[in-house]
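Colleague: The amino acid sequence is not available; the structure is as follows:
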């Protein structure tokens, strides 16, 4: 867990990856604080599920970000402004991703007994402010999702999408 935190910190604050900066970043930067609390929650999920739920709730109260228990996020996560972020329990996010304020990533339909179908994000995905990603979708690597974009369908590698409904404005695939 400490290794993941240091990787997250190196990515968020290049050149400042020592223990003193880790502690000060936790107390002074709400974006890093929500990532650190998520890492603790993630570590405790299997052995201490109720404690993991408590940390998730604490994270929501302290930073305004809700990472539901069961979400899986790779190393190098950056959260610039955590208020309003919601990541559902079955979401998978790859390495080196960036989430802005107000992002929602979760199920399209919420009902009791339904199959939980959540988005899966690749590596190097940047999600803009108030973007919404819903349902059983795959987002490729090196994708940029603009602010206030609604994504309900798969996206390939290297694309930039904007709007509601989302439309591709840039495609880096060859």
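Modeller: Received it, and whenever you're ready, just let me know what you need. Computed from a predicted structure; not experimentally measured. Numbering: from 1, shown residues only.
Colleague: Is residue 62 in a helix, a strand, or coil?
Modeller: Under DSSP: H, G, I helix; E, B strand; the rest coil, the three-state class of residue 62 is helix.
Colleague: Not counting residues beside it along the chain, what's closest to residue 88?
Modeller: residue 106 (3.4 Å; Cβ to Cβ, 6 or more residues apart in numbering). Any C-beta I mention is one placed from the backbone N, CA and C, and that applies to glycine too.
Colleague: Tell me which other helices or strands the lowest-mean-pLDDT helix or strand in the chain touches.
Modeller: The helix or strand of the chain with the poorest confidence is helix 19-28; it has a mean of 75 (mean pLDDT, DSSP states H and E). Packing partners of helix 19-28 (3 or more Cβ pairs under 8 Å, 6 or more residues apart in numbering; DSSP states H and E): helix 2-12, helix 30-44.
Colleague: Residue 135 is nearest to which of those helices?
Modeller: Smallest distance to residue 135 across the helices and strands packed on helix 19-28 (Cβ to Cβ): 22.5 Å, for helix 30-44.
Colleague: and the most centrally placed residue in the chain, what does it touch?
Modeller: Among the residues of the chain, the one closest to the centroid is residue 99, at 5.5 Å (Cα atoms, centre = their mean). Residue 99 makes contact with 77-80, 85, 87, 127 under the criterion Cβ atoms under 8 Å, 6 or more residues apart in numbering.
Colleague: So which of these sit within helices?
Modeller: Among the contacts of residue 99, no member is found in helices (DSSP state H).
Colleague: Show me where the protein dips below the pLDDT cut-off.
Modeller: Low-confidence segments of the chain (pLDDT under 70): 16-19, 111-116, 172-174.
Colleague: hmm, back to that, return the set of buried residues in the least confident helix or strand of the chain.
Modeller: 21-22, 25-26 (16 or more other Cβ atoms under 10 Å).
Colleague: Make CSV out of the residues you listed and add distance to residue 156.
Modeller: Formatted as CSV, the buried residues of helix 19-28 follow (distance: Cβ to Cβ, whole Å):
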residue, distance to residue 156
21, 37
22, 36
25, 35
26, 37
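Colleague: Tell me the one of those nearest residue 48?
Modeller: For the buried residues of helix 19-28, the nearest to residue 48 is residue 26 (20.6 Å; Cβ to Cβ).
Colleague: what sits against residue 66?
Modeller: 56, 59-60, 85-87.
Colleague: picking that back up, what residues are bridge-paired with the residue nearest to the centre of the chain?
Modeller: residue 79, residue 127 (DSSP bridges).
Colleague: how far away is it from residue 20?
Modeller: Distance, residue 99 to residue 20, by Cβ to Cβ, to the nearest Å: 26 Å.
Colleague: got it, and residue 75?
Modeller: Going from residue 75 to residue 20 by Cβ to Cβ gives 21 Å.
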